[in-house]
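A.B. asks: After the sequence you'll find the predicted model.
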Amino acid sequence: MQIDLVLLSFVFGFLISLIDYWEDEKRKQPKFLYIFLAAFLFLFLLFSKIFPLVLGVFIAMILSKKLDSKSWKIFLAVITIFLPFFVFSFQKIQLSTFSFLSTIYFFIFSFFDELGSNYADKKKAKKKNFVLKFFELRPFLEISSFIYSILIFDFDFFACVFFFDFAYNLEKRLLLI
């Protein structure tokens with residue numbers, strides 16, 4: 001297991017949650033340094049062996065219109081500016097039919113999470129039933145990454161998703177203190 005990928009995923013999850021919190025609560029604009037650091041961590045993760053996972057989730061986020069606030073526009077701008085540097089400076093991504101299909105796989109399950117989360121958010125005023133609680137958990141990406149990791153016998157994919165989610169939720173708990 002590549003501990004560096006897991007640690008990067010953890011820090012990335014924490015930063016993303018922090019930026020989301022600032023945007024959702026409209027308390028203050030996130031500091032540019034956090035957005036900049038999150039964009040760089042994203043690029044490092046994108047140009048790693050978990051490329052299909054990162055790209056699939058990223059496409060799902062864009063298509064579900066989750067990156068629509070000022071902070072996320074800055075995030076996208078930083079990625080766009082520094083992407084050529086990463087393309088020419090870091091290891092090349094293994095582009096193959098398998099990586100393409102894997103990206104589609106992760107996109108589908110990440111998009112399911114987004115759709116389910118949007119559905120649960122819209123129904124928040126009503127009494128929550130099992131289905132709404134299930135969708136709030138956003139389980140599809142974690143389950144699919146676990147299955148994928150078993151199939152290819154490489155648990156970095158699941159570990160990165162697990163620790164990203166752990167950090168994302170940990171940050172929420174720390175802000176409640």
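C.D. replies: Arrived safely, thanks for sending.
A.B. asks: burial of Phe166, as a residue count?
C.D. replies: The number of residues packed near Phe166 is 14, by other Cβ atoms under 10 Å. Any C-beta I mention is one placed from the backbone N, CA and C, and that applies to glycine too.
A.B. asks: Just the CA atoms from the lowest-mean-pLDDT helix or strand in the chain would do, formatted as PDB, please.
C.D. replies: For the chain, the helix or strand with the lowest mean confidence is helix 130-137, at a mean of 76 (criterion: mean pLDDT, DSSP states H and E). What follows is the C-alpha trace of helix 130-137 in PDB, where atoms were taken according to Å, rounded to 0.1, in the frame of the first residue of the first chain:
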ATOM      1  CA  PHE A 130     -34.300   4.500   5.700                       C
ATOM      2  CA  VAL A 131     -33.800   5.400   2.000                       C
ATOM      3  CA  LEU A 132     -33.000   9.100   2.800                       C
ATOM      4  CA  LYS A 133     -30.600   8.100   5.500                       C
ATOM      5  CA  PHE A 134     -28.900   5.600   3.200                       C
ATOM      6  CA  PHE A 135     -28.500   8.300   0.500                       C
ATOM      7  CA  GLU A 136     -27.000  10.700   3.000                       C
ATOM      8  CA  LEU A 137     -24.300   8.200   3.800                       C
END
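A.B. asks: Which positions within that helix qualify as buried?
C.D. replies: 132, 135-136 (16 or more other Cβ atoms under 10 Å).
A.B. asks: Report the rounded mean pLDDT for stretch 89-97.
C.D. replies: Averaging pLDDT along stretch 89-97 gives 74.
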